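S.K.: what's the 3D shape of this:
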Amino acid sequence: MSVQHFLTLDDLDAATLAQLIDRAIELKTEFKQGLVYEPLRNKSLAMIFSKSSTRTRVSFEVGMRQLGGGSLYLSPNDTQIGRGEPIEDTARVVSSMVDGIMIRTASHHDVEILAAHSSVPVINGLTDDYHPCQLLADIQTFQETRGSIRGATIAWVGDGNNVCHSFMNAARIFGFTLQIATPKGFEPDQAVTALNHNHISLSHDPKNAVTGADAVVTDTWASMGQESERAKREAAFDGYCVDSSLMALAHKDALFMHCLPAYRGREVSIEVIEGAQSVVFQEAENRLHAQKALLELLLA
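M.R.: Got it, this is the predicted structure:
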């Protein structure tokens, strides 16, 4: 029997993803009501991090605890991975002792190798190419506040990065339009663009992307590992700050979304991220419940 992994949104079919979002909302409601639900009692999740994390670590660790299971935090300093042990060996050994593996690292190819040699489900907690867990929380947040995202228009303003790639996949799978604006030289990957071309548009004009949008999404201009490029990127992204004048071009009740951490005065203004249209902290909280639904699906 093959193992079900979650490395990109395409690892689950559209119907399963839709059910997962519904289940996340249900689990969130039950948690708020104080109901105890522990389908993962005596289950363990290994969490491998080679990149620092706030939301990913807290949401998976607390999610496993709320579902009755446990988790192990593994950094390169704590394991033989940091001393060059082959990924294949790490996968075989760790998966023989736990019920699931979540990994947050740079190389998506490394995660694919890990999954290929793991006997338990592997979850992508973020790579340089994709961030599918973030999209589960984003779709959940939109559905909670505006109903189904199918047929909606979403604007992406900023870098064509890993979150943008997962948003592009989500547009195809969930049936919405994604209007992308990036500076020249910062466009999303061509292969991801080709795969999703029927559901996206590309431009170098943030105003064009935001006009008529039901939600406006952005991300930091310099992701982890790109700190040395910060000055260069800030110059390239001049005009890409999501401020009140840009938000005014979207629908009057458009949401503002950001996966965090956010740098006020750069990719987003203070008045937008702290304003009534911002759902960034609901979005962050939903990482917990969306991932609980994913853990239940893969590990229960």
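S.K.: For the stretch 101-250 of the chain, which segments count as helices?
M.R.: Ranges of helices within the stretch 101-250 of the chain are 108-116, 132-146, 162-174, 190-195, 206-210, 230-236, 244-247, based on DSSP state H, counting those that start in this stretch.
S.K.: helices or strands up against the shortest one?
M.R.: Packed against helix 244-247 by the contact rule (3 or more C-beta pairs under 8 Å, 6 or more residues apart in numbering; DSSP states H and E) you find helix 206-210, helix 270-273. All C-beta atoms are positioned from the backbone trio N, CA, C, and that covers glycine.
S.K.: who wins for proximity to Ala46 among those?
M.R.: helix 270-273 (33.9 Å; C-beta to C-beta).
S.K.: re the thing from before, distance to Phe6 and mean pLDDT added to the helices of the stretch 101-250 of the chain, as a markdown table?
M.R.: Putting those into a markdown table (distance: least, C-beta to C-beta, whole Å; pLDDT from 0 to 100) gives the following:
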| stretch | distance to Phe6 | mean pLDDT |
| --- | --- | --- |
| helix 108-116 | 9 | 97 |
| helix 132-146 | 6 | 98 |
| helix 162-174 | 12 | 98 |
| helix 190-195 | 17 | 98 |
| helix 206-210 | 29 | 98 |
| helix 230-236 | 30 | 87 |
| helix 244-247 | 33 | 98 |
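S.K.: Nearest approach to Glu285 belongs to which of the ones you listed?
M.R.: It's helix 132-146; of these, that one is closest to Glu285 (C-beta to C-beta) at 8.2 Å.
S.K.: How far off centre is that closest one?
M.R.: Mean-position distance between helix 132-146 and its chain equals 9 Å (C-alpha atoms, centre = their mean, to the nearest Å).
S.K.: what angle do it and helix 162-174 make?
M.R.: Computed by axes from the mean of the first three to the mean of the last three C-alpha atoms, to 10 degrees, the angle separating helix 132-146 from helix 162-174 equals 60 degrees.
S.K.: From here on, call the first residue 226.
M.R.: From this message on, residue numbering opens at 226, which makes the last subject helix 357-371.
S.K.: Show me what helix 357-371 is packed against.
M.R.: Against helix 357-371 (3+ C-beta pairs under 8 Å, 6+ apart) you get helix 239-257, strand 347-351, helix 387-399, strand 440-443, strand 480-483, helix 505-524.
S.K.: Try it again at 6 Å.
M.R.: Counting contacts by 3 or more C-beta pairs under 6 Å, 6 or more residues apart in numbering; DSSP states H and E, helix 357-371 packs against helix 239-257, helix 387-399, helix 505-524.
S.K.: Put together CSV for these, with distance to Thr418 and mean neighbour count on each row.
M.R.: Formatted as CSV, the helices and strands packed on helix 357-371 follow (distance: least, C-beta to C-beta, whole Å; neighbours: other C-beta atoms under 10 Å):
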stretch, distance to Thr418, mean neighbour count
helix 239-257, 20, 16
helix 387-399, 7, 24
helix 505-524, 25, 22
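S.K.: Looking at those, spot the one closest to Thr304.
M.R.: Nearest of the helices and strands packed on helix 357-371 (C-beta to C-beta): helix 505-524, 21.3 Å.
S.K.: which one in the protein is furthest away from the centre?
M.R.: For the chain, the residue at maximal distance from the C-alpha centroid (C-alpha atoms, centre = their mean) is Arg308, at 28.7 Å.
S.K.: right, so of the helices of the stretch 326-475 of the chain, which gets closest to Glu255?
M.R.: helix 357-371 (14.5 Å).
S.K.: Counting neighbours, which bits of that closest one end up buried?
M.R.: Using 16 or more other C-beta atoms under 10 Å as the burial criterion, the residues of helix 357-371 that qualify are 357-369, 371.
S.K.: again, but for stretch 495-503
M.R.: Quick answer for stretch 495-503 (16+ other C-beta under 10 Å): Val497, Ile498, Gln502, Ser503.
S.K.: And the pLDDT at Gly490?
M.R.: Looking at Gly490, its pLDDT stands at 95.
S.K.: Chain neighbours aside, what residue packs nearest to it?
M.R.: Distances taken as C-beta to C-beta, 6 or more residues apart in numbering place Cys466 nearest to Gly490, at 7.5 Å, with adjacent residues excluded.
S.K.: try Ala380
M.R.: Sequence neighbours aside, Ala438 is the residue nearest to Ala380 in space, at 3.8 Å (criterion: C-beta to C-beta, 6+ apart).
S.K.: is it fair to say Tyr298 lies in a helix?
M.R.: No - read with DSSP: H, G, I helix; E, B strand; the rest coil, Tyr298 is strand and lies in no helix.
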